[in-house]
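Visitor: no sequence for this one, just the structure:
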Ligand SMILES: Nc1ncnc2c1ncn2[C@@H]1O[C@H](COP(=O)(O)OP(=O)(O)OP(=O)(O)O)[C@@H](O)[C@H]1O
Ligand SMILES: [Mg+2]
């Protein structure tokens, strides 16, 4: 099987805080995985390392079959990364933000792509508005557009539905669902994991504590137990097979 996202024994500390502690996992090409874990578990740190923005102290990461830090040009061109609390350039308009990333990404003929993406994400009416004047939810949608403008093979999304109201969450879930990329999505919302992903990686204190598929997770539920409760049990370490 080909793996498009691969982390092997990755560790990262910030001073005395061990954010990642020998983290290993693989995401097969063409699949979508959820990255779950309690606050401070190391989800954002994992995604920042996979995107090439942060060097691990130890370990090895590959995206699209390429070492992210040895061949960073190749790896980065195949990655789309939505940071946690992503902020577009606030003094540029919506269109200028998208033109800017299109140029940085080396896209040609990006005008039509920008029009399509603005239509798909219902941002057309804001096209000439400075990003700083948008609501937080619309800024988030613009940040998503900026992460996927180049149709990346691998998408790393850190809490993509933050700030979105419920109808907009639906719209964005449906939009993300039809993208062809291999995805790793960090989220706290289990319904998102259930609808957007098949595989699940649960981490705590910088280590994988459970991995499998959504159906496997559902099967762990006791009668009348919700999937959120199963996940909370695993995260808390109150799980016999964890
Ligand atoms: N730049 C930094 N400087 C110092 N400590 C950091 C830094 N980035 C992360 N950490 C620490 O590393 C640990 C993991 O943080 P991380 O942001 O990866 O967690 P997370 O799983 O994304 O949490 P959340 O669900 O709250 O977003 C935390 O203890 C955090 O305080
Ligand atoms: Mg985070």
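Guide: Here it is on my side, so go on. Predicted model, so just to flag it, every value in this text is computed and none were measured. Ligands and ions are numbered 1, 2, ... in the order given.
Visitor: Assign the closest residue to residue 72 other than its chain neighbours to helix, strand or coil.
Guide: With C-beta to C-beta, 6 or more residues apart in numbering as the criterion, residue 72 has its nearest non-adjacent residue at 5.3 Å, and that residue is residue 52. (C-beta placed from N, C-alpha, C; glycine too.) Of the three states, residue 52 takes coil under DSSP: H, G, I helix; E, B strand; the rest coil.
Visitor: Nearest residue to the middle of this structure?
Guide: residue 157 (1.6 Å; C-alpha atoms, centre = their mean).
Visitor: That one belongs to a strand?
Guide: Yes: under three-state DSSP, residue 157 sits within a strand.
Visitor: Quick check: beta-bridge partners of it?
Guide: residue 82, residue 185 (DSSP bridges).
Visitor: Tell me the spacing between residue 89 and residue 50.
Guide: 24 Å (C-beta to C-beta, to the nearest Å).
Visitor: Make sure residue 45 is actually in contact with residue 12.
Guide: Yes: proximity of residue 45 to residue 12 meets the contact threshold set by C-beta atoms under 8 Å, at 5.7 Å.
Visitor: Pull up the overlap in contacts between those two.
Guide: Common neighbours of residue 45 and residue 12, using C-beta atoms under 8 Å, 6 or more residues apart in numbering, are 19-20, 54, 206.
Visitor: Could you identify the pair within the residues you listed that is furthest apart?
Guide: Across these, the longest distance by C-beta to C-beta is 13.4 Å; it joins 54 and 206.
Visitor: okay, those two: which has more neighbours?
Guide: When neighbours are counted by other C-beta atoms under 10 Å, residue 54 and residue 206 differ, and residue 206 comes out ahead with 23 against 15.
Visitor: Read off the pLDDT value for the more buried one.
Guide: Here, the pLDDT recorded for residue 206 equals 96.
Visitor: Point out where this protein drops to low pLDDT.
Guide: Filtered on pLDDT under 70, the chain yields the residue ranges 237-242.
Visitor: Which residues of it lie near ligand 1?
Guide: 14, 17, 19, 37, 39-45, 84 (C-beta under 6 Å from any ligand atom).
Visitor: ok, and the most crowded of those residues?
Guide: Most surrounded of the residues of the chain next to ligand 1: other C-beta under 10 Å gives residue 43, at 27 neighbours.
Visitor: give the contact list for that one.
Guide: Going by C-beta under 8 Å, 6+ apart, residue 43 touches 35-37, 158, 186, 203.
Visitor: What about the residues you listed, which one has the most neighbours?
Guide: That'd be residue 35 among those, by other C-beta under 10 Å, with 29 neighbours.
Visitor: Report how many residues lie close to residue 180.
Guide: As a measure of burial, residue 180 has 10 neighbours, counting by other C-beta under 10 Å.
Visitor: so it sits in a helix?
Guide: No: read with three-state DSSP, residue 180 is coil and lies in no helix.
Visitor: quick one: it from ligand 1, how far?
Guide: 26 Å (C-beta to the nearest ligand atom, to the nearest Å).
Visitor: Now stretch 53-67: buried residues?
Guide: 56, 59, 61-64, 66 (16 or more other C-beta atoms under 10 Å).
Visitor: what about residue 89 and residue 50, which has more around it?
Guide: Using other C-beta under 10 Å, the more surrounded residue of residue 89 and residue 50 is residue 50, with 26 against 15.
Visitor: looking at it, the more buried one is touching residue 61, isn't it?
Guide: Yes: counting by C-beta under 8 Å, residue 50 touches residue 61, with 5.6 Å between them.
Visitor: Quick check: residue 102 touching residue 113?
Guide: Yes: counting by C-beta under 8 Å, residue 102 does reach residue 113; the two are 7.1 Å apart.
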